[in-house]
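Sequence below, structure please.
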Amino acid sequence: MTVFGYELAHPWALLFALLAVPALWLSSLSAGRVVFSSLRALPAGGRSWRTAIAWLPDALVSLAVVALAIAIAGPRKGDESARVRRDGIAIMMTVDVSGSMRALDLADRNPDLTRLDAVKQLFGRFVLGGQKLDGRKDDAIGLVAFASYAETRSPLTLDHQNLALAAKELDFAAEGEDGTSIGAGLDLAVARLAEFEAKSKIVILLTDGESTVHEVDEDTAIDHAVKAGIKVYTIGAGTNAGSAPVRVPIGNGQTMLRQVRVSIDEATLRKIADKTGGQYFRATDHESLARIYTEIDHLERTTFEQEQFLQFHQYYDRYVLAALILVVAAALLRGTLLRRLP
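Here you go, the predicted structure:
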């Protein structure tokens with residue numbers, strides 16, 4: 001049972017709060033009495049601010065009983081860092097960072113948003129949550145970037161804040177390292193997943209072109225994925241128009257738009273997805289790319305029977321302290337400002 005954000009270890013103990021009613025009644029029975037021969041002997045009016053709040057000590061005693069009942073119920077909160085994962089999924093996000101990812105055809109409201117910028121935005125939402133995505137807080141996620149060769153930018157981790165920072169730091173491949181090696185990107189992602197223990201393992205591979213570097217053959221990477229039981233979702237990113245605008249520097253801080261050819265090896269991406277049991281998606285604009293990540297998020301969702309915590313922070317002591325303060329305050333008021341006679 002959860003009340004005001006606290007889990008109660010013994011919720012039945014809240015029944016003790018009902019004792020606040022008889023406590024209030026018993027406290028009020030202690031009202032003092034003075035016998036007068038005539039009401040005319042009383043001061044004129046007979047009421048003051050003290051008589052108006054004479055009930056306050058009784059109310060404080062009653063609230064103290066309620067506070068003690070809450071303390072007995074055992075309010076606590078689970079330590080999120082000690083949460084037990086059940087049926088967790090391991091995901092390697094594999095992103096093309098070749099020069100063609102500078103194209104602006106996946107721009108949203110920002111006309112200067114490159115394909116890579118759009119991917120980084122959606123990567124953060126996929127991992128951390130936001131805008132119809134719940135985040136993947138219970139899944140181990142890693143990041144591989146590839147151009148002419150592949151490299152691990154983040155190992156599989158549950159530290160998604162640092163993972164998101166690693167994704168934000170993705171940049172285009174240097175001029176001497178430009179190119180596209182889909183096989184290298186896939187094979188490195190598969191290798192990272194193969195050595196990780198998880199019930200389900202998937203790769204989400206995004207590219208906007210064709211393989212121009214073949215040091216690692218795509219078919220070899222596919223075989224490795226199949227043998228490791230790894231499912232691969234592939235995304236081809238780029239407009240259907242045949243060409244896309246790219247902003248290129250022309251010197252003195254100036255840039256110009258240039259059209260570049262869009263050529264995606266959809267046949268290879270479909271083959272990778274089909275042979276590994278995944279799916280192929282085509283993203284032609286920012287909206288369709290967002291839809292793809294949402295669909296994959298729904299397809300590969302971790303299911304929990306219950307949440308379990310290894311450690312709890314206990315909060316009963318603050319309610320015991322509150323009860324003591326209330327009782328002491330009631331006694332002080334009854335013995336000083338609101339003293340009863342005799």
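
contacts, neighbours, all on C-alpha from now
Will do.

Buried residues, the helix of greatest length in the chain. List them.
With DSSP state H applied, the helix covering the greatest number of residues in the chain is identified as helix 316-335. Buried residues in helix 316-335, counting neighbours by 16 or more other CA atoms under 10 Å, are found at 316, 319-320, 322-324, 326-331, 334.

Contacts for stretch 199-210 next, please.
Surrounding stretch 199-210, the residues in contact under the criterion CA atoms under 8 Å, 6 or more residues apart in numbering are 87-96, 100-101, 180, 182, 186, 189-190, 193, 229-238, 262-265.

coming back round to it: and the longest helix of the chain, what does it pack against?
When contacts are defined as 3 or more CA pairs under 8 Å, 6 or more residues apart in numbering; DSSP states H and E, helix 316-335 sits against helix 56-73.

any idea of the mean pLDDT in stretch 218-225?
Stretch 218-225 carries an average pLDDT of 95.

What of stretch 114-126?
The model assigns stretch 114-126 a mean pLDDT of 90.

Return that stretch as CSV; C-alpha atoms alone will do.
As requested, C-alpha coordinates have been extracted for stretch 114-126 and formatted as CSV (Å, rounded to 0.1, in the frame of the first residue of the first chain):
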residue,chain,number,x,y,z
THR,A,114,21.2,17.3,-39.9
ARG,A,115,20.3,13.7,-40.1
LEU,A,116,22.7,13.0,-37.3
ASP,A,117,21.2,15.7,-35.1
ALA,A,118,17.7,14.2,-35.6
VAL,A,119,19.0,10.8,-34.6
LYS,A,120,20.7,12.2,-31.5
GLN,A,121,17.5,13.9,-30.4
LEU,A,122,15.4,10.7,-30.8
PHE,A,123,18.1,8.6,-29.2
GLY,A,124,17.8,10.7,-26.0
ARG,A,125,14.0,10.3,-26.0
PHE,A,126,14.2,6.6,-26.7
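
quick check, distance from it to the centre of its chain.
A distance of 17 Å separates the centroid of the chain from that of stretch 114-126, by CA atoms, centre = their mean, to the nearest Å.

show me where this structure has strands.
Residue ranges of the strands in the chain, as given by DSSP state E, are 2-3, 6-8, 75-78, 89-96, 140-146, 150-157, 200-207, 231-237, 243-251, 254-261, 280-283, 312-314.

Which of those strands has the lowest mean pLDDT?
Across the strands of the chain, the lowest-scoring stretch is strand 2-3, with a mean of 69.

Quick one, grab the pLDDT at residue 338.
On the pLDDT scale, residue 338 is placed at 69.

May I see the strands of the chain organised as JSON lines, with distance to residue 225 added?
Formatted as JSON lines, the strands of the chain follow (distance: least, CA to CA, whole Å):
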{"stretch": "strand 2-3", "distance to residue 225": "44"}
{"stretch": "strand 6-8", "distance to residue 225": "43"}
{"stretch": "strand 75-78", "distance to residue 225": "38"}
{"stretch": "strand 89-96", "distance to residue 225": "12"}
{"stretch": "strand 140-146", "distance to residue 225": "15"}
{"stretch": "strand 150-157", "distance to residue 225": "16"}
{"stretch": "strand 200-207", "distance to residue 225": "9"}
{"stretch": "strand 231-237", "distance to residue 225": "7"}
{"stretch": "strand 243-251", "distance to residue 225": "32"}
{"stretch": "strand 254-261", "distance to residue 225": "31"}
{"stretch": "strand 280-283", "distance to residue 225": "16"}
{"stretch": "strand 312-314", "distance to residue 225": "40"}
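
of all those strands, which lies closest to residue 21?
Closest of those to residue 21 is strand 2-3, at 21.7 Å (criterion: CA to CA).

Tell me the predicted confidence for residue 302.
In the prediction, the pLDDT value recorded for residue 302 is 59.

how much space between residue 145 and residue 325?
With distances defined as CA to CA, to the nearest Å, the gap from residue 145 to residue 325 amounts to 60 Å.

again, but for residue 89
Using CA to CA, one obtains 50 Å as the distance from residue 89 to residue 325.

Now do the contacts for residue 23.
Here residue 23 is in contact with 61, 62, 65 (CA under 8 Å, 6+ apart).

and the closest residue to residue 193 other than its chain neighbours, how many neighbours does it have?
Taking CA to CA, 6 or more residues apart in numbering, and ignoring the residues beside it in sequence, residue 193 has residue 201 as its nearest neighbour in space, at 6.7 Å. The local packing of residue 201 (other CA atoms under 10 Å) involves 24 other residues.

Fine by me, we can end here.
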